[in-house]
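In: What follows is a predicted protein model with its sequence.
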Amino acid sequence: MLEGRVEAFENKERIKNLIVAGVPKQTNLDNKGSIMKIFTAMQIQTTNMVMESFRLDKNGEGPILLKMQSEQAKRDVIKRIKDLKGISTRQCGLEGSDRKIYFNEDLPMSKRVLFKMARELKKQKGYKAAFYLNGSVYIKTNENEQAIKIKCESDLDKLR
């Protein structure tokens, strides 16, 4: 029961967050400046959208955590990146070698592990999709089937 409350609290705290990976450290820009360049290249209105941004490691090379103004702002960014089918550092005018930039939801550790296992099962079995939506992990076995909600590892075992 306590574990469920802790997980609900973690989800509530992370619901507006995005993790952006693949963004190289820039000599002339801080993290927020790099994110603004990316959003401009994605044609996203950035006015007060990002409340806070910081690197998740100490050396300044790791993923950037974005605390967005609202959950809707986060969803707008995710939708836009899907519509664009991805974006790279070169498209954004960022320094360094060209590499893909990834946008991910900020998941609690338990969900992160479960989601990773779901993605691995998707690859092994050739399933249509594994995705995370509104605090839950799902697997879609084929185009015609409805997505299956994955609550724990035993749900994945049933699909093996």
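Out: Noted; the coordinates are in hand. Numbering: from 1, shown residues only.

In: May I have the phi/psi pair for the residue most central in space within the chain?
Out: Closest residue to the average C-alpha location of the chain: Asn104 at 0.8 Å, with Cα atoms, centre = their mean. Backbone torsions for Asn104, taken as degrees, to the nearest 10, come to phi -130, psi 150.

In: From Phe9, how far out is it?
Out: Relative to Phe9, Asn104 is positioned 20 Å away (Cβ to Cβ, to the nearest Å). The way it works is simple: take the backbone N, C-alpha and C, and place the C-beta from them, glycine included.

In: same deal with Leu107?
Out: In terms of Cβ to Cβ, Leu107 sits 14 Å off from Phe9.

In: When those two are compared, which one has more neighbours?
Out: Leu107 (20 against 11; other Cβ atoms under 10 Å).

In: a strand runs through Ile19, doesn't it?
Out: Yes - residue state for Ile19 (DSSP: H, G, I helix; E, B strand; the rest coil) corresponds to a strand.

In: okay, now it: neighbour count?
Out: Ile19 has 17 neighbours, counted by other Cβ under 10 Å.

In: pretty sure Ile44 is touching Val77, no?
Out: Yes - between Ile44 and Val77 there is a contact under Cβ atoms under 8 Å: 6.3 Å.

In: quick one: which of those two has more around it?
Out: More neighbours surround Val77 than the other of Ile44 and Val77, with 22 against 16 (other Cβ under 10 Å).

In: Could I get the full set of strands for the chain?
Out: 17-21, 50-55, 64-68, 87-88, 100-105, 129-133, 136-140, 148-150 (DSSP state E).

In: Out of those strands, flag the one nearest Thr27.
Out: strand 50-55 (14.9 Å; Cβ to Cβ).

In: Who are the packing partners of that closest one?
Out: helix 31-41, strand 64-68 (3 or more Cβ pairs under 8 Å, 6 or more residues apart in numbering; DSSP states H and E).

In: between the shortest one and strand 17-21, what angle do the directions make?
Out: With axes from the mean of the first three to the mean of the last three Cα atoms, to 10 degrees defining the directions, strand 64-68 sits at 150 degrees from strand 17-21.

In: mean confidence score for strand 64-68?
Out: Average pLDDT, strand 64-68: 96.

In: Tell me which strands that strand pairs with, and in which orientation.
Out: When sheet partners are counted by DSSP bridges, strand 64-68 sits next to strand 17-21 (antiparallel), strand 50-55 (antiparallel).
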